[in-house]
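> return atomic coordinates for the entry below.
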Amino acid sequence: MSTVDAIRAEWTKLRTVVSTPWLVLTAVAAIVGIGAAVTAARDTRGCPTPSTCFEDLPKLSVTGAQYGQIAVVVLAVLILSDEYGTRSITASLAAVPRRWMLYLSKIAVLTAVVAVAGSIGVLASLFVARRILPGNGFNTVNGYRELSLGDEPTLRAVYGTVLYLALVALLSYGVTAVLRDTAGSIATMLVLLYAAPILTRVIDDPVWLRRIDRMSPMSAGLKIQATTALESLSIGPWQGLGVLALWAAGALLAGLLALHLRDA
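All right, here's what the predicted structure looks like:
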């Protein structure tokens, strides 16, 4: 079987699973809905003056990605764990004997689906924020620029968030390839993503707070959304996304080794 045929087969398998459209819709709905709720809750009334609110508006508009990523994690886990759970992985490996090809074909399909869903969710969030924020005082009269993809920082926050979601999916997939268990993989991913924000609430040492913020896949990766006060960040936007990319690359490599060295 060629690589193209393997990718087509994986796409057919993914789109015919009942949970796939629901998870994609959940991811998009969470990104848009939570982003809209957070945006609607912000206004200039609590600021010294309407023009001195220091809200990062592009980041605010895509806040929902922090929660929509949970559906992305589940989707990425199920694309592989379901086959191990039903033992259909043996049939997949019989059809595609080159294990690396099967592994990469799943990655290609997963990345494409998450990129499309993420793009729809993030762009819709930006559209909704453009409608909400001016009515909350974040308008040109008070000195705020309208959210626009023509603005480089806003564009970076938008497509950077899509890249973030894709990398989270790849990290989840790699973890699943190692653990081969749905519940264990999801639990591991939730710990990896959300442990750092919890730890920062109970740790007082500023050195360790900075280290955790710089090394955590979610905390570091989401720096790509920041467009203001970049000098105060523990790590730059692209460097933070690079940390997440290293986590994903390490997990994918470990997963590929596990697939080759362990029995299916």
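> now do the buried residues in stretch 70-86.
Along stretch 70-86, these residues count as buried under the neighbour rule (16 or more other Cβ atoms under 10 Å): 70-84. Using the backbone N, CA and C atoms, a C-beta is placed for each residue, glycine as well.
> average pLDDT for it?
Stretch 70-86 carries an average pLDDT of 93.
> picking up where we left off before, and the buried residues of stretch 70-86, which of them are in helices?
70-84 (DSSP state H).
> in the stretch 151-264 of the chain, which spans are helices?
Remark: helices assigned in the stretch 151-264 of the chain by DSSP state H, counting those that start in this stretch are 152-179, 182-199, 206-215, 217-221, 237-261.
> quick one: residues in contact with the last one.
By that I understand helix 237-261. With contacts defined as Cβ atoms under 8 Å, 6 or more residues apart in numbering, helix 237-261 is touched by 99-100, 102-103, 107, 156, 160, 163-164, 167-168, 170-171, 173-178, 180, 192, 214-215, 217-226, 230, 233, 235.
> let me see the contact set for Ala37.
With Cβ under 8 Å, 6+ apart, Ala37 has no contacts at all.
> list the contacts of the most centrally placed residue in the chain.
Nearest to the geometric centre of the chain sits Leu165, at 2.2 Å (Cα atoms, centre = their mean). With contact set as Cβ under 8 Å, 6+ apart, Leu165 has these partners: 27, 65, 68-69, 72, 114-115, 117-118.
> try it again at 10 Å.
Residues near Leu165 by Cβ atoms under 10 Å, 6 or more residues apart in numbering: 27, 31, 65, 68-69, 71-73, 111, 114-115, 117-119, 121-122, 221.
> send the alpha carbons of stretch 220-227 over as CSV?
Provided in CSV are the C-alpha atoms of stretch 220-227 (Å, rounded to 0.1, in the frame of the first residue of the first chain):
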residue,chain,number,x,y,z
ALA,A,220,4.8,28.0,27.3
GLY,A,221,2.8,27.2,24.1
LEU,A,222,0.0,29.6,24.8
LYS,A,223,2.5,32.5,24.9
ILE,A,224,2.0,32.6,21.1
GLN,A,225,-1.3,34.3,21.8
ALA,A,226,0.3,37.3,23.6
THR,A,227,0.5,40.6,21.7
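> could you give the average pLDDT over it?
96.
> in that stretch, what counts as buried?
Going by 16+ other Cβ under 10 Å, stretch 220-227 has these buried residues: 220-227.
> which one of these is nearest to Gly137?
Lowest distance from Gly137 to the buried residues of stretch 220-227 (Cβ to Cβ) belongs to Thr227, with 18.5 Å.
> which residue comes closest to the closest one once chain neighbours are left out?
Pro153 (3.7 Å; Cβ to Cβ, 6 or more residues apart in numbering).
> about what we covered before: and the helices of the stretch 151-264 of the chain, which is most packed in?
helix 217-221 (a mean of 25; mean count of other Cβ atoms under 10 Å).
> show me what that one is packed against.
Applying 3 or more Cβ pairs under 10 Å, 6 or more residues apart in numbering; DSSP states H and E, we find helix 217-221 packed against helix 65-86, helix 152-179, helix 182-199, helix 206-215, helix 237-261.
> tilt between the longest one and helix 65-86?
Taking axes from the mean of the first three to the mean of the last three Cα atoms, to 10 degrees, one finds helix 152-179 and helix 65-86 inclined to each other by 20 degrees.
> start and end of stretch 210-228, how far apart?
18 Å (Cα to Cα, to the nearest Å).
> and the longest helix anywhere in the chain, how far from the chain's centre?
Determined from DSSP H, the single longest helix within the chain is helix 99-132. With Cα atoms, centre = their mean, to the nearest Å as the basis, helix 99-132 stands 9 Å off its chain's centre.
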